[in-house]
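[1] Based on what follows, work out the 3D shape:
(one chain, ligands or ions: 2)
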Amino acid sequence: MLKVDNLVKDFATGFLRKKVRVLKGVSFSVNKGEIFGFVGPNGAGKTTTFKAVLGFVPITDGSVELMGKPLGDVDVKKHVGYLPENPYFYDYLTGEELLRYMGQLHGLNGKGLSAKIDELLEKVKMSHARKVQLRKYSKGMLQRVGVAQALINDPDFLILDEPMTGLDPIGQREIKDLILEEKKKGKTILLSSHMLSDVEALCDRVGVIMSGRVVKTGELGKLLEEIHTDYEMLLKYVDERIISNLSDLKISVEKRAGFLVLRFDEDIKERIFQVVSDSGADIVSLHPLRKSLEGLFVEEAKKDIHIES
Ligand SMILES: Nc1ncnc2c1ncn2[C@@H]1O[C@H](COP(=O)(O)OP(=O)(O)OP(=O)(O)O)[C@@H](O)[C@H]1O
Ligand SMILES: [Mg+2]
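    Ligands and ions are numbered 1, 2, ... in the order given. Below you'll find the model as predicted:
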């Protein structure tokens, strides 16, 4: 469905128009019918990649093929929906007018368009505010109407830049359901997010982007398996001796109402057991902490520093 190969993007910035390489050879592909999550820290290049795929910014090098066509193909655009990161739109329009305008851009009109607008406003629970100007919308309301406009042309391929930001928990749930519904209809979705829970709930595969490079792609579960597990151990606190023994191991130790809470990673597990048993402390519990997207970022960031040096 989408194949991005070695995409490079330079921006000229500042007074001297100095070139900054924002995308340093981004490669990934999205298969038909899947939800692909693009994850990465702020400034990694997610939005820039999306804009490049959509043909909104000229690319410096590399190639993008969407629905078998090269970048910029006009026919392809008819089948694509896009939710921008900051859907600020034309704020003097009402929600309904925005959808009508977007629909007309896609060549829709008449009763068909009116019915589609009603259906979408209902879907994103914004029918009540259809006659209200966008400048009077809250962040979450804008996000909802943003999702609606992305769907106006019943696109086969949806690009959603952080679709859940700004929404309350119920709103997030609703938008997630809506995304899953589109997938059920056979649509292909590329979305970005910082939130592991979103990505877990939605995506078939993810791509991790760090400083302008896709450093990993695959199923989220498999990617998380590759990172270290952190453990949390609860000990019945005995005396200060154990704290001084543990301090040599440079791990997190916290006193909590008669207990000690230790946090450490896999590598050091055996040594912790040794120190604890030598100190005669009782282990109350030991459990692995949830592997997180943050953990993945941290591990990849370490490698990234290595690449750059
Ligand atoms: N028009 C521009 N001119 C110059 N630099 C830009 C421009 N647009 C983006 N950048 C830079 O490109 C880098 C990537 O930005 P981008 O918006 O793609 O990141 P992102 O992954 O979407 O981040 P976030 O999670 O914060 O949305 C940033 O360092 C940003 O400052
Ligand atoms: Mg962004």
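
[2] Relative to the helix or strand harbouring residue 264, what are the paired strands and their orientations?
    Residue 264 is part of strand 259-265 when elements are defined by DSSP states H and E. The strands beside strand 259-265 in its sheet (DSSP bridges) come out as strand 230-236 (antiparallel), strand 252-256 (antiparallel).

[3] And for that strand, what's in contact with it?
    Outside strand 259-265, the residues that touch it by CB atoms under 8 Å, 6 or more residues apart in numbering are 228-237, 242-243, 246, 249, 251-255, 272, 281, 284, 289. Every C-beta, even on glycine, is put in place using the N, C-alpha and C of the backbone.

[4] so who does the residue in the stretch 201-309 of the chain that ligand 2 sits nearest to touch?
    When scored by CB to the ion, the stretch 201-309 of the chain has residue 209 as its residue closest to ligand 2, at 10.2 Å. Shown in contact with residue 209 (CB under 8 Å, 6+ apart): 26, 38-40, 44-46, 49, 215.

[5] closest to ligand 2 among the residues you listed?
    For the contacts of residue 209, the nearest to ligand 2 is residue 46 (4.7 Å; CB to the ion).

[6] The stretch 201-309 of the chain: helices as residue ranges?
    220-225, 240-247, 269-279, 293-308 (DSSP state H, counting those that start in this stretch).

[7] distance of the residue most central in space within the chain from residue 242?
    Centroid check for the chain by CA atoms, centre = their mean gives residue 193 as the closest residue, at 1.5 Å. Separation of residue 193 from residue 242 (CB to CB, to the nearest Å): 41 Å.

[8] Kindly state the pLDDT recorded for residue 97?
    We have a pLDDT of 96 for residue 97.

[9] secondary structure element for it?
    Judged by DSSP H and E, residue 97 forms part of helix 95-105.

[10] Could you list the residues in contact with that helix?
    By CB under 8 Å, 6+ apart, helix 95-105 touches 89-90, 93, 109, 113, 116-117, 120-121, 126, 129-132, 134, 137, 141, 145, 148-149, 152-153.

[11] Give me the helices and strands touching the following helix or strand past that helix, please.
    On the C-terminal side of helix 95-105, the closest following helix or strand by DSSP H and E is helix 110-123. Contact partners of helix 110-123 among helices and strands, from 3 or more CB pairs under 8 Å, 6 or more residues apart in numbering; DSSP states H and E: helix 95-105, helix 139-150.
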